[in-house]
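S.K.: only the shape, not the letters, is given here:
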């Protein structure tokens with residue numbers, strides 16, 4: 001009779017099952033735990049830890065207990081800590097070496113929890129202190145009227161430079177014209193012409209023969225006088241043009257003190273313009289820090305989003321040629337292709353200090369191009385402590401890695417603000433003690449182009465500003481103005497790329513502070529301007545007097561030129577006409593007459 005049971009086969013099966021069971025019970029969970037910790041640590045660059053992992057077969061599933069993910073920038077802080085992670089696995093796809101999770105639940109998610117040991121795997125500089133030192137710095141205008149005497153001792157005034165330059169030019173022009181006057185026709189030449197006129201007058205008394213002989217000489221004399229008159233007039237015109245140019249420069253010198261005053265006032269910052277964009281100074285660095293941190297986490301997640309295709313060039317990923325004799329995995333075209341890793345639905349419960357935030361994430365995978373669908377997420381919470389409601393939703397679309405599109409929308413309503421430091425400036429600290437606000441932020445990232453727009457409206461505000469015993473009039477004025485602010489709105493925009501972006505912030509708080517401090521700063525500026533006016537006027541008084549005295553010497557040169565022109569043009573012509581009267585003669589050149 002044939003034996004239905006082969007005892008040796010049954011024994012082998014029992015032994016194999018026993019070994020498999022022991023391995024499963026005692027080794028598999030530890031192996032899964034080590035695998036998750038190792039892969040997570042390598043991908044993140046900081047320690048990923050699990051208290052326990054439990055892999056089950058019937059039904060296929062995995063449970064994780066207390067998952068800790070270290071913040072790479074702060075090794076003593078967990079970026080995320082999850083109390084429990086449970087997921088159901090698709091057993092059939094596991095045989096195809098595909099990890100397909102239909103639903104996963106994350107419970108007790110907390111952010112920013114403290115660690116007992118450092119989670120750093122390699123030395124990473126903690127830049128938080130550096131960033132904080134660069135934040136909340138407010139450049140206030142000068143708070144006291146500077147010492148004018150000290151300023152003028154070290155400043156190079158435009159007025160003095162112009163005076164010295166003009167003074168030198170005036171002296172050179174004066175010397176040049178004094179030398180030229182010696183070359184121009186003067187009294188000696190005038191006396192010579194008088195003698196020639198007398199000679200012609202004597203020749204006219206010798207009768208017709210003498211008159212005819214003197215006609216040519218009269219004509220020559222007339223031409224000589226006319227040429228010298230033109231020479232004198234040309235010199236006089238040139239002199240007047242030079243003098244007009246010097247007077248124009250003198251007018252510029254007279255306006256230079258005002259330019260010096262404006263320059264020094266601007267240099268020593270006595271202007272309320274420094275408060276025109278105070279919200280940019282107060283909030284811009286903080287917003288920039290948030291964007292920088294978000295960009296750092298995004299860069300770490302991007303390789304996971306795009307998988308192996310992220311690093312492929314134009315010809316796609318390179319495939320190594322298998323060695324001879326080795327097996328090759330052949331992937332046939334699938335009707336409904338699936339990536340090697342996919343979590344279709346993730347339910348998350350986040351424990352915040354204000355309460356719980358619940359949400360879902362769809363299609364978590366490292367191969368969106370194969371799945372053909374983006375990662376989408378949505379979180380919300382109502383009636384939390386300190387905030388009426390908060391929502392966060394968006395998508396990460398890397399289905400086409402070369403044309404990725406990511407979007408995030410954040411809304412918070414009736415968010416209670418408490419002890420928020422706006423300025424840590426030693427001269428003027430500002431803290432928002434309490435208030436209520438609402439925020440709406442939209443962020444888009446297309447490929448590397450970043451565009452973020454945020455609007456915030458705040459009311460029921462109470463500020464704490466300034467220091468006890470502050471005697472500075474400007475900061476006291478600012479503190480008084482801030483104390484009276486009960487509401488304001490703010491707009492923020494971030495443009496550029498993940499690596500290089502610009503943050504611009506505007507708020508109606510700017511106008512409040514500028515108006516409040518403007519009067520005080522203007523009074524200080526006016527006082528400074530008055531003192532500068534007096535000091536500069538005193539400093540330039542002597543050089544200006546010397547300059548005007550030098551210019552006054554030009555009046556003498558002008559008088560001499562006018563006198564010479566008058567003598568040649570009037571006196572000499574008059575002498576010619578009166579010195580050669582011959583009655584009964586017809587007119588000859590030079591006033592002579594002939595009886596023809």
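M.R.: Now that the structure is in, tell me what you want to look at. Source: prediction; values computed, not measured.
S.K.: average pLDDT for the helix ranked longest in the chain?
M.R.: Across the chain, the longest stretch assigned as helix under DSSP state H is helix 208-267. For helix 208-267, mean pLDDT rounds to 75.
S.K.: try stretch 447-457
M.R.: The average pLDDT within stretch 447-457 is 88.
S.K.: could you pull out the buried residues of it?
M.R.: Neighbour-count burial for stretch 447-457, counted by 16 or more other C-beta atoms under 10 Å, picks out 450, 452, 454, 456. C-beta here means a position set from N, CA and C on the backbone, and glycine is covered the same way.
S.K.: do stretch 152-168 as well
M.R.: Of the residues in stretch 152-168, 152, 157, 159, 160, 162, 163, 166, 167 count as buried by neighbour count, 16+ other C-beta under 10 Å.
S.K.: okay if I get the buried residues of stretch 447-457 as a markdown table plus secondary structure and distance to residue 115?
M.R.: Putting those into a markdown table (DSSP: H, G, I helix; E, B strand; the rest coil; distance: C-beta to C-beta, whole Å) gives the following:
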| residue | secondary structure | distance to residue 115 |
| --- | --- | --- |
| 450 | strand | 31 |
| 452 | strand | 31 |
| 454 | strand | 32 |
| 456 | strand | 33 |
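S.K.: farthest pair in the residues you listed?
M.R.: Within the buried residues of stretch 447-457, two members stand farthest from each other by C-beta to C-beta: 450 and 456, at 19.4 Å.
S.K.: how about the helices in the chain?
M.R.: 7-23, 29-44, 91-95, 128-134, 148-154, 158-183, 187-204, 208-267, 278-306, 368-371, 473-483, 509-566, 572-579.
S.K.: out of these, flag the one nearest residue 359.
M.R.: Residue 359 sits nearest to helix 278-306 of all those, at 16.9 Å, using C-beta to C-beta.
S.K.: quick one: mean pLDDT for that closest one?
M.R.: 70.
S.K.: show me where pLDDT drops low in the stretch 51-200 of the chain?
M.R.: Where the stretch 51-200 of the chain drops to pLDDT under 70, the residues are 123-146, 186-187, 190, 193-194, 197, 200.
S.K.: sorry, wrong one. I was asking about the stretch 351-500 of the chain.
M.R.: For the stretch 351-500 of the chain, the stretches with pLDDT under 70 are 353-354.
S.K.: strands of that one, start to end?
M.R.: 355-365, 375-384, 387-397, 405-423, 430-446, 449-465, 488-497 (DSSP state E, counting those that start in this stretch).
S.K.: quick one, what contacts residue 108?
M.R.: Taking C-beta atoms under 8 Å, 6 or more residues apart in numbering as the criterion, residue 108 is in contact with 82, 83, 84, 349, 351.
S.K.: now, those that are in strands?
M.R.: When the contacts of residue 108 are checked against strands (DSSP state E), the matches are 82, 83, 84, 349, 351.
S.K.: before we move on, the earlier item: now the strands of the stretch 351-500 of the chain in a markdown table, with distance to residue 239?
M.R.: What follows is the strands of the stretch 351-500 of the chain, written out as a markdown table (distance: least, C-beta to C-beta, whole Å):
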| stretch | distance to residue 239 |
| --- | --- |
| strand 355-365 | 89 |
| strand 375-384 | 87 |
| strand 387-397 | 81 |
| strand 405-423 | 65 |
| strand 430-446 | 66 |
| strand 449-465 | 67 |
| strand 488-497 | 63 |
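S.K.: ok, now which ones touch the residue nearest to the spatial centre of the chain?
M.R.: Centroid-nearest residue in the chain, with C-alpha atoms, centre = their mean: residue 502, separated by 7.6 Å. Neighbour list for residue 502: 494, 495, 496 [criterion: C-beta under 8 Å, 6+ apart].
S.K.: can you do 6 Å?
M.R.: Under the criterion of C-beta atoms under 6 Å, 6 or more residues apart in numbering, the contact list for residue 502 reads 495, 496.
S.K.: equivalent analysis for residue 403, please.
M.R.: For residue 403, no contacting residues are found, by C-beta under 6 Å, 6+ apart.
S.K.: measure residue 147 to residue 528 for me?
M.R.: Residue 147 sits at a distance of 10 Å from residue 528 (criterion: C-beta to C-beta, to the nearest Å).
S.K.: who has more neighbours out of the two?
M.R.: residue 528 (21 against 10; other C-beta atoms under 10 Å).
S.K.: roughly how far apart are that one and residue 255?
M.R.: Noted for residue 528: a distance of 19 Å to residue 255, by C-beta to C-beta.
S.K.: likewise for residue 96?
M.R.: 88 Å.
S.K.: do the same with residue 514
M.R.: In this view, residue 514 and residue 255 are 30 Å apart by C-beta to C-beta.
S.K.: what about these two, which has more around it?
M.R.: Between residue 514 and residue 255, counted using other C-beta under 10 Å, the more crowded position is residue 514 (19 against 10).
S.K.: what's the distance between that one and residue 372?
M.R.: Using C-beta to C-beta, residue 514 is found at 54 Å from residue 372.
S.K.: picking up where we left off before, for residue 223, which of the strands of the stretch 351-500 of the chain is the nearest?
M.R.: strand 488-497 (81.7 Å).
S.K.: buried stuff in that closest one?
M.R.: Counting neighbours by 16+ other C-beta under 10 Å, strand 488-497 gives 488, 490, 492, 494 as buried.
S.K.: now swap in stretch 90-106 and tell me
M.R.: Result for stretch 90-106 [16+ other C-beta under 10 Å]: buried residues 90, 93, 99, 100, 101, 104, 106.
S.K.: which residues does that stretch contact?
M.R.: 60, 82, 85-88, 338, 340-348.
S.K.: which pair in those residues has the greatest spatial separation?
M.R.: Going by C-beta to C-beta, the pair spanning the contacts of stretch 90-106 furthest: 82 and 338, at 25.6 Å.
S.K.: tell me which of these two has more neighbours.
M.R.: A direct count of neighbours by other C-beta under 10 Å for residue 82 and residue 338 places residue 82 higher, at 21 against 17.
S.K.: so what's the more buried one bridging to?
M.R.: As for beta bridges, residue 82 partners with residue 67, residue 109 under DSSP bridges.
S.K.: re earlier: from the contact counts, what lies against the longest helix of the chain?
M.R.: helix 158-183, helix 187-204, helix 509-566 (3 or more C-beta pairs under 6 Å, 6 or more residues apart in numbering; DSSP states H and E).
S.K.: mind giving me a markdown table with those and columns for distance to residue 402?
M.R.: Listed next are the helices and strands packed on helix 208-267 as a markdown table, based on distance: least, C-beta to C-beta, whole Å:
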| stretch | distance to residue 402 |
| --- | --- |
| helix 158-183 | 58 |
| helix 187-204 | 94 |
| helix 509-566 | 42 |
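S.K.: who wins for proximity to residue 397 among the ones you listed?
M.R.: helix 509-566 (37.1 Å).
S.K.: pLDDT (mean, whole number) over that closest one?
M.R.: Helix 509-566 comes out at a mean pLDDT of 77.
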